[in-house]
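Student: show me the folded form of this:
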Amino acid sequence: MDIKNIDFSYGDRPLIRDLSATIEKGKITTIIGPNGSGKSTLLNLIIKQLQAKKGNILIDGKDITSCSYKVIAKQMAIVHQHNTAPEDLTVESLIAYGRTPYQSFWSSKDEDEEAVVAWALEVTKLKHLAKKPISQLSGGERQRAWIAMALAQKTDILLLDEPTTYLDIYYQLEVLNLVRELNKNYGITIVMVLHDINQAMQFSHNVIIMKCGTVVYAGDTVAGITAERLQEVYSIQATIRWCDKNCCPYIVPIAV
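Tutor: Next up is the predicted model:
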């Protein structure tokens, strides 16, 4: 995916200015940056839920503006930060909604629905909760259910807007480990927004670092997250250390 010279405004208020980046196929790319820097807006532009004033977003060389919403829904799936569903809706019924792009006017179900729903339940480890209402799930289980619905779209690209928000550390790691498994085992390209810089460093191949609606850096995670760049983007002092156990760098903010 190539994002080229995107401009976007909410009314008269510019939010994203001349933004360019490349999403590498088969990799996990995490978008980080301060609040209000345009991270979630960028996801919504990619999925065509918002329309850029200028620039192009290309998937396999094709501009998304020339694609219908149904076509895009077969290429990309998104899990938003805030999701709601009827309290009595079961997990498997929620996941089945992911097959909507494949349903025709004449049929309420596509031929692969049952098999795909079963696969999504298995992958997200929700098979034992298939008949349970969404309202009775824990926060981590509920997030996995929404991811399962996105997986049911059977897309090559999965977008996640702050998937660990409101979860305790156990469920945050559970969700992020699932994301890594989806990428490793099924080759799904992942684009997600995270606030936790250390989680971005541990679970991402690449990062897009944003500030004030522009890209400060886009590329390899380890090379991109430096003490100097954290000072530039977040106005904080931090040191970069290395965890020998998982062979991953992490930041230690310095109180001043």
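
Student: give me every residue that touches residue 178.
Tutor: Residue 178 makes contact with 124, 125, 144, 147, according to C-beta atoms under 8 Å, 6 or more residues apart in numbering. For the C-beta atoms, the positions are set from N, CA and C on the backbone; glycine is no exception.

Student: phi first, then psi, for it.
Tutor: Main-chain dihedrals, residue 178, degrees, to the nearest 10: phi -60, psi -40.

Student: quick one, strands of the protein?
Tutor: For the chain, the strands defined by DSSP state E cover 2-10, 13-22, 28-32, 54-59, 62-63, 76-79, 157-161, 189-193, 206-211, 214-220, 237-243, 248-254.

Student: partner strands of the first one, with direction?
Tutor: Translated: strand 2-10. Strand 2-10 pairs in its sheet with strand 13-22 (antiparallel), strand 54-59 (antiparallel), by DSSP bridges.

Student: so where do the helices sit in this structure?
Tutor: Taking DSSP state H to define them, one finds helices in the chain at 39-46, 69-73, 91-96, 113-123, 139-151, 169-186, 197-203, 221-224, 227-234.

Student: got CSV for those, with distance to residue 5 and mean pLDDT too?
Tutor: Shown next, in CSV, are the helices of the chain (distance: least, C-beta to C-beta, whole Å; pLDDT from 0 to 100):
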stretch, distance to residue 5, mean pLDDT
helix 39-46, 12, 94
helix 69-73, 20, 90
helix 91-96, 37, 96
helix 113-123, 36, 94
helix 139-151, 28, 95
helix 169-186, 28, 96
helix 197-203, 25, 95
helix 221-224, 21, 94
helix 227-234, 21, 95
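
Student: which one of those lies closest to residue 132?
Tutor: helix 91-96 (5.7 Å; C-beta to C-beta).
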